[in-house]
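*Asks:* 3D model of this:
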Amino acid sequence: MPKSLRSVLIALACVLLAATGVTSARADAPPGTAPARPVVVPQPQPGACPTQPTTPKRDLRAMWVASVTNIDWPSKPGLSVQQQKDELLAWFDLAVKQRHNAVILQVRPTADAFWPSAYEPWSKYLTGVAGQDPGWDPLGFAVTQAHQRNLELHAWFNPYRVSMDTNVNALAPNHPARQHPDWIKAYGGKLYYNPGNPDARRYSVEAIMDAVRKYDIDAVHFDDYFYPYPVAGQTFDDSAEYAKYGNGMSLADWRRSNVTTFMREVRDGIRRIRPHTELGVSPFAIWRNKATDPEGSDTTAGAQTYDDLYADTRKWVREELLDYITPQVYWSRGFAAADYEKVTDWWARQVTGTRVRLYIGQATYKVAANADPKWSNPGELSSHLEFNTRYPQVQGNIYFSAVQVRADRLGATSLLNDTWYTRPALTPAAPWLDDVPGAPREPVVVRATGGRVTWVATPGATSYAIYRVPSGTPRPCDLADARYLVATVADGPSAHQTWTDPQPGEGTYLVSAVDRAALESGATAAR
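*Replies:* Numbers count the residues shown, from 1 in each chain. Okay, here's the model as predicted:
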C-alpha cells in the first residue's frame, strides 16, 4: 500500500474510532458522554526509576544461523524449496520462542550469494551445485518472514573467502575468481580474495552493496575473518601487491590499512544506499594482548586481530566506523589465557564514550563439549549474563550457533532463557540512524476488550510495544524495564492494528510506537 494512501486511512480511522468512543475512555461511561482524552504515559528519563537486571527493556538477543558447509541452514544441500523454507522458518520461530529480537543469517559464505546477485553466483550450499539457481530468493524471503515476526534480519557476509578448498575449477564457470585469477590467493587449504588488490576489494564491496540495494536488511554483519588466520609454515604471498601499493608503509600497516579501507567503503556504501541499515562486526575478541601492547587486554591468547588478521577493531570503534561490535568472548569466567570477565571488561572500556553498541558473542557450542571443565556446568552461560549486568555498556548477546542453541545441552539454554529472557525486549536504539529526529508519535486510539488490544497505526512506526500494568494508574516507571512488557509486534499493513494476549490478565494495557531506529514513543493506555 502506498505510504500516502495508508496515511489517509490512518487519519480516517482515528476520526471514525474516536467518534464511536473507541479511545481510552472507560467502557462503562454513561451514554452520550464525550470520549475521554487518551491517557499517555511518557517514557521515563534514563536512571530515573529502579529496574530489574533480569528484565531489561532494551537488549539485543540473537543467534548466528551459519550456512557455510551447511552448519545450521540449510541442513544439507539439495533440499527442495519448501524444505529449505520450512527449515528457515523453524529457526525464526525458535528465535521468537526464546524471545530473541534478531537473527544473524549468513548469506555470502564464500564469495557467493543466497540471493539473485548481479555480481556472484548462487551458493552451492543451497543446491549442492555452485552457481545453480535454487528456484527461489532466500534472502528476500528471510527479510520478509523475519520482519513479520518482528525480528531484525542481520545479513552476514564473509568479506574475502572464495572457497573452502583450493580447487578453482570447482567454482561456478562465471565466478569472478575464475575470470580474475590475479585477485585470489591460496592459503591454508582455502582460496581468498586478496585484500591488497584494490579491484578485488572494490568488487567485494559492490557484491555486498547489491544485497543492501535490493533488501531491507537491518544490518550488514561481518564475523572474525579478514586476512586469514595464520597457518604455521605458510606465507600469504601478497609481495607483488605490497610492492605496487604499499606506499612506504610496513607490510603489517599496509594490510591493516587495506582492511580498514574495506570497512570504510562498506560503511559509506550503506549510508549512501540505505542509511538506516547498521554495520556490525563480530571479531575474535583479542585485539592485542597486554604483553604485546600495554593498552591490550590482560590475556595471553594466541591470536590477536591487530597483528594476525590485520583487523584494527579498536580503531573501528574509536572512529565509529561501526554501529555495533560483538567480540567473540568464547571463554569461561576465570579461564587463564582469556578470562571472560577480563575480556568483557576491556571491551566495555573501549566502547565507552562512543556511540558503538557492545554485544557479546557467546559460545553455546562449548557447553558440554570443551576441555575446560567450567563448560560442563549448565550455569556457565547464564553466569556470563549475570556478569554483564555490571556493565551498562553491554547491550546484548549473540549465540553461536543455531543448532547448538536448539540442542540445549545440559539445559544451559533453557536455564539462561528462564533467568534472563522471561520478557520480550526492544533492541537498543540507534538515534543517529533515524531519518526523522525524535521518537514517533504515541498511538492516538487504543482499546482493550478482554485480552484483545486494538489501536490505529502510527505513521513512521515499524513496531509496537504492548505493556500490561497489573493495577493502579500506570506511571512512567512502569515502562522503565520489561517487567510489564508482554509483547512487541510488527507494524501491519492495515490502518487498524490488533494483538490478542494469549494469557490475558487484570490491569491496564498500554501501547507505544517504535520506529526503525528503535526509538519509542510514550505509551497510550486503554482500560
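*Asks:* can we go C-alpha only for contacts and neighbour counts from here?
*Replies:* OK.
*Asks:* Outline the domain layout of this structure.
*Replies:* Each domain of the chain is listed here as a residue range: 3-52+438-526, 60-164+215-231+277-431, per automatic domain parsing.
*Asks:* can you tell which of these is closest to Arg267?
*Replies:* Evaluated over the domains of the chain, closeness to Arg267 peaks at domain 60-164+215-231+277-431, with 6.6 Å, by CA to CA.
*Asks:* Any idea how far the closest one is from the middle of the chain?
*Replies:* Averaged C-alpha coordinates place domain 60-164+215-231+277-431 at 8 Å from its chain's average position (CA atoms, centre = their mean, to the nearest Å).
*Asks:* how long is that domain end to end?
*Replies:* 16 Å (CA to CA, to the nearest Å).
*Asks:* rewinding a little: and of the domains of the chain, who's closest to Ser257?
*Replies:* Distances from Ser257 to each of the domains of the chain were compared using CA to CA; the shortest belongs to domain 60-164+215-231+277-431, at 8.3 Å.
*Asks:* any idea of the mean pLDDT for the closest one?
*Replies:* Taken as a whole, domain 60-164+215-231+277-431 has a mean pLDDT of 98.
*Asks:* what about stretch 500-510, start to end distance?
*Replies:* For stretch 500-510, the first-to-last residue distance is 13 Å (CA to CA).
*Asks:* List the buried residues for it?
*Replies:* For stretch 500-510, the buried set under the neighbour-count rule, 16 or more other CA atoms under 10 Å, comprises 507-510.
*Asks:* rewinding a little: packed most tightly, which of the domains of the chain would that be?
*Replies:* Here the criterion is mean neighbour count by mean count of other CA atoms under 10 Å, and of the domains of the chain the winner is domain 60-164+215-231+277-431, at a mean of 20.
*Asks:* Nearest to Gly47 among the buried residues of stretch 500-510?
*Replies:* Once CA to CA is applied, the member of the buried residues of stretch 500-510 that ends up nearest Gly47 is Leu510, at 21.5 Å.
*Asks:* Tell me which residues touch that closest one, please.
*Replies:* By CA atoms under 8 Å, 6 or more residues apart in numbering, the contact list for Leu510 reads 446, 466-469, 523-526.
*Asks:* Next, it: secondary structure please.
*Replies:* Of the three states, Leu510 takes strand according to DSSP: H, G, I helix; E, B strand; the rest coil.
*Asks:* if we can go back for a sec, got the domains of the chain as TSV, with distance to Lys244 columns?
*Replies:* Supplementary listing: those in TSV, determined by distance: least, CA to CA, whole Å:
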stretch	distance to Lys244
domain 3-52+438-526	43
domain 60-164+215-231+277-431	19
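*Asks:* Among the ones you listed, which comes closest to Asp199?
*Replies:* Taking CA to CA as the criterion, Asp199 comes closest to domain 60-164+215-231+277-431 out of those, the separation being 12.4 Å.
*Asks:* tell me what the helix ranked longest in the chain is packed against?
*Replies:* Across the chain, the helix with the greatest residue count (assigned by DSSP state H) is helix 251-273. Contact partners of helix 251-273 among helices and strands, from 3 or more CA pairs under 8 Å, 6 or more residues apart in numbering; DSSP states H and E: helix 198-214, strand 278-281.
*Asks:* My understanding was that Thr364 contacts Val405; is that so?
*Replies:* Yes: using CA atoms under 8 Å, Thr364 makes contact with Val405 at a distance of 6.4 Å.
*Asks:* Name the residues contacting each of the two.
*Replies:* Common neighbours of Thr364 and Val405, counting by CA under 8 Å, 6+ apart, are 399, 413.
*Asks:* How many neighbouring residues does Pro275 have?
*Replies:* When counting by other CA atoms under 10 Å, one arrives at 15 neighbours for Pro275.
*Asks:* That one contacts Val436, doesn't it?
*Replies:* No: contact criterion CA under 8 Å: Pro275 and Val436 do not qualify, at 11.8 Å.
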